Structures are given as structure tokens and as C-alpha cells.
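>>> Structure here, sequence nowhere to be found:
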């Protein structure tokens, strides 16, 4: 048998033909999956970023899954047999990948419950950051100091999650203390004037001043000022600065831990001189 | 005062002159404007315009200086500058007024009541925004308020509502009681109370993005009048923006169009009185 005949025989082998057809099906399905994902994203243009991402992924993996099944069918695998095997494999995988499975289920809950969406600022445990993506296994955050944080979905579901940007406005709580000799009426006037002078502090809802109690060293106060959620940090810094300046100008003492030490019956220390005899 | 030719004048307090219009800006020239609490220097340099600004602290400042030629930008604290690249030998600059880009919630400084089956006409003023553009094609440079009002929230809860600007009004019932201020526009508000109980006016949400700016013969800035009606059942109807200007501004000319042309939507939401 010459080389040409051997090549012809090899190329016309039924298994190779099936393989080529399966590859073609897989390739076409991959292209179609990408097209379908793009079309889905286009249809969901008005939906939230999270829904767009989810829709795109569902469309892509569904189309790709069908393509894989078609390719396997071309290779001569029977789908019923495959599905049966898949059941056994899934049980095995379930034991092997319990953590991933629990994260996956937690991810479904998160997507359904929607306690936050992409772009929100959330606090999960000790981490505060902007939500970059909500995936089936984990969510990704970007912290204020530009760190990338991956939080498993199971952790998110089990933890207390604070969404700092869910509502359009929020209250900025300034907590501080003033000395016991301070004129509280004057303090109130200065605080409200400081808020009134800053354009980012809301006129309505009105600021609130709460006397939280008499502390060991100061009268503890909480001054709450409403602002738009995006202006929170700018206003916080500006108000602390202006309040400090106003208090200094009016001679009102801000809280500082002070300790008065009185020493009773102080006697001069006894001094003993030792002389070393020569 | 002269606009196009570039002569300038500084006005006495209590009088108004048009600070809007087109002003020639030859190479090397520095023009100074003072519109209420806001000061502006525009400097023409080779292939660029340098703009310097200063915000003064008194929102009710009545100062007015129009297109005064000065040697240099003042050397004062609080001045910020920006540069804009622009071609052309002679570049005119355009200055025009606009209204706030969000609704303005105006509170009355004292409780104000409209008696049962009665009506009242108030005159409110709100700060104007100033648009500056340059060149024959009026290329936009920037826009900013004469005085930036405080933010406020207009809504029944802290979850739902609208971010607005805050204003305080003395609720003047005659125009003569209003002080002439160059950086503010007057809105005539007619309140009709058809109910059998007094209407306690606490605050008004003035839909400034849906209002135009007009200049009257005395150079006072005006908007279209608005009307709010409380029907006999006590329900406050939505705002209606009147197309016909008030009697005092009958000869006024339109300077700028509303920012938001979709007024139908505003009718349903933008003007409410909270009843005590």
C-alpha cells in the first residue's frame, strides 16, 4: 500500500469523519453562543448591569451546552446514557466539591434576593468596597484603597451585609464630646450654622443633635446631617473641619481625655547615703 | 455699559443692567464681571482663553459689574482658574442666564397661610446659573450657579423623593418689596385655595428645569408664572406653568429655553405644597 492510499483510507475512516463533524458542531455552537450572548445583552440593555451579565452568561453557556451535546452525539455517544452517567458523576462531584456547590446555591439566592447590585458600596464583615461583579461562586469587590477582594457567596449569605448606597440619601453621624463647661445652646447654634453653611448638607430632612449621655470626661453628642449618598465623605471631612474651627473661635472645648492627679500627703523621698570606707 | 463694543461700566447698587450678551475679547484683553456673589475674569491669550472665578459668601449680594476691562486678574484668595484652548484671532464670549438644573424647594421664612376660598400671588426669586461660551459657534466653556444653593430632599420618606436645591422666601406679595438682585430670577406664583379650610404653606417645589428665563425692560430676570390650585376637596393639584407672562413682565424677551422640555411629566409631580 502506497502512502497516498494509506492517507485516503485514514481520511475516510468513519471515526475521523465523525470527529471532524463533532468539531465543526462545537465550533459553530461556540460562534452561535457568542452571538446569542451579545443579542441577549442587547435585549437587556435597559436592565441592571447584574441582570445583563447574568443573561449573557446563561445564553452563552446554554448554547454551548447544546453544542457539546450535539458534538457528543456526532461522536456516537447516546445522550440517555450520558445523562445517566452525569447523575453518577454529579453525585461524585457533589461530595468532592461541597464548598463550590454551597457557594453556587448561595449565589442563586443572592441573585434572586438582590441585596445589592453591581456598583453599590457594601460592607461585608470588615471589608467595604464597590461591587464589581456578582457571580455564581463569589462576588468581587474593589475597596476604597483599590484592592480586589473576592468574597465567597456562602460567606455573603451567612454574614451581615450593609449596603451603603441602597437609598439615594443617607445620614452622616458626627460623634464627638464637649467639655462639661460648654454652653450647649451655643454648641447647638454653631453646629446648625456649620451645616447650614455647607451646600452639600440637606436643609430637609433637618439636621439633628442628640445628647447621648454624660461621659467620664465629656458630654457625648451625636450630630446627624443628611446628604446625598455620593457626597458622604466630602461632607464628613468638611463638617468636622468647620465645627472644630467654630468651636475654637467660640472657646468651646472639644472632648479630650483629661486626668487630674492629686497627690495627698506627699513626703520627700527618704535619701540614704552610703559611704564607702576607704 | 456696552456689550458688543467692549466698553464697560460698574453699576451703582440697586440698579440693574443686562450682564448677558456677547462681548468682544481681543487678544491680550482681560474682562471682569461681577454678578451678585460671583466674580469672573476672562482673559484672551494666544490660542486660549483663561477663565478665573471667585465665589463670594453672601448669597444676596447685589454687586454688578459688566465687562470691565482690567489689567490683570485680581490677586485675591479664593480665585480658581481654568484654561480653554481655542483658535481664532478675535473670539467673542457669550454669557447667558439659565435656571437651576434641579427643582428648587422654597420654604417660607415665616408661616404663611392662604385663607379658605381665597387666593394669593407671591413673588419668589431663585438663583440663576450662568453659561459662558466662546467663538462664533458659541462653543460651550462652562456653566455654574451665581450662588450654589444648599441641597435638600423633597419626598415623603427618605427612601423615595427627589434631590433638589433649597431656598428661603419671604413670600413677598408685591413686586416692589423685592430687592433688585442681578443673580436671581423672579417667579410669580399664584396660589388658589378653593377649599373651606386655610392652606398652610410650608414649602413649594418650583420646577425650575421646566422654566425659561426672560429679561424685562427694567433688566430684571423673570420666569413664566406658575399656579397651584387646592381644590374644594382639599387636594393639591399639580403645577401649571402659565404661558402668558405676568403683567409686570409683559414686555420681557426670552433669553433661554427650559432645560427640560418634557413639561407634561413635570405637571404631574413637580409643584406641591405640603399642607400642615
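Done, it's in. Nothing here was measured: the structure is a model prediction, and the numbers come from that model.
>>> The closest residue to residue B:182 other than its chain neighbours bridge partners, please.
Nearest residue to residue B:182 in three dimensions, chain neighbours excluded: residue B:64, at 4.5 Å (C-beta to C-beta, 6 or more residues apart in numbering or on different chains). Quick note: C-beta positions are derived from backbone N, CA and C, even for glycine. Beta-bridge pairing for residue B:64 (DSSP bridges): residue B:35.
>>> now residue B:64: how far from chain A?
23 Å (C-beta to the nearest C-beta, to the nearest Å).
>>> what residues does chain B put near chain A?
With the criterion set to C-beta under 8 Å from any C-beta of the partner chain, chain B comes near chain A through B:105, B:107, B:148-154, B:158-159, B:161, B:163, B:166, B:203.
>>> Now rank those residues by neighbours and give me the top one.
residue B:152 (27 neighbours; other C-beta atoms under 10 Å in any protein chain shown).
>>> which ones are touching the nearest residue to residue A:215 once chain neighbours are set aside?
In this structure, residue A:215 finds its nearest non-sequential neighbour in residue A:177, 5.9 Å apart by C-beta to C-beta, 6+ apart. When contacts are counted by C-beta atoms under 8 Å, 6 or more residues apart in numbering or on different chains, residue A:177 is found next to A:215, A:217, A:218, A:219, A:220, A:221, A:254, A:255.
>>> List phi and psi for residue A:177.
Here is the backbone geometry of residue A:177 (degrees, to the nearest 10): phi -130, psi 150.
>>> quick one, helices of the stretch 151-278 of chain A?
In the stretch 151-278 of chain A, the helices defined using DSSP state H, counting those that start in this stretch lie at A:153-158, A:184-197, A:232-250.
>>> Out of those helices, which is the most enclosed?
Across the helices of the stretch 151-278 of chain A, averaging neighbours per residue (mean count of other C-beta atoms under 10 Å in any protein chain shown) puts helix A:153-158 on top, at a mean of 18.
>>> to the chain's geometric centre, what's the distance from that one?
Counting by C-alpha atoms, centre = their mean, to the nearest Å, helix A:153-158 is centred 12 Å from the centre of its parent chain.
>>> tell me the mean pLDDT over that helix?
Taken as a whole, helix A:153-158 has a mean pLDDT of 91.
>>> Give the other helices and strands that that helix contacts.
Packed against helix A:153-158 by the contact rule (3 or more C-beta pairs under 8 Å, 6 or more residues apart in numbering or on different chains; DSSP states H and E) you find helix A:98-113, strand A:138-143.
>>> Apart from its neighbours in sequence, what residue is nearest the residue located most distally from the centre of chain B?
Ranked by distance from the centre of chain B (C-alpha atoms, centre = their mean), the top residue is residue B:196, with 35.4 Å. What sits nearest to residue B:196 in space, not counting adjacent residues and going by C-beta to C-beta, 6+ apart, is residue B:116, at 5.0 Å.
>>> Make sure that neighbour is indeed in a helix.
No - assessed with DSSP: H, G, I helix; E, B strand; the rest coil, residue B:116 is coil; it does not lie in a helix.
>>> So which residues on the stretch 101-250 of chain A come close to chain B?
Proximity of the stretch 101-250 of chain A to chain B (C-beta under 8 Å from any C-beta) is limited to residues A:167-169, A:196, A:198-205, A:226-228, A:231.
>>> Which of those residues has the largest number of neighbours?
Going by other C-beta under 10 Å, residue A:202 tops these with 27 neighbours.
>>> In which helix or strand does the nearest residue to residue B:221 once chain neighbours are set aside reside?
With sequence-adjacent residues excluded and distances taken as C-beta to C-beta, 6+ apart, residue B:221 is closest to residue B:185, at 4.0 Å. If you go by DSSP states H and E, residue B:185 is part of strand B:184-193.
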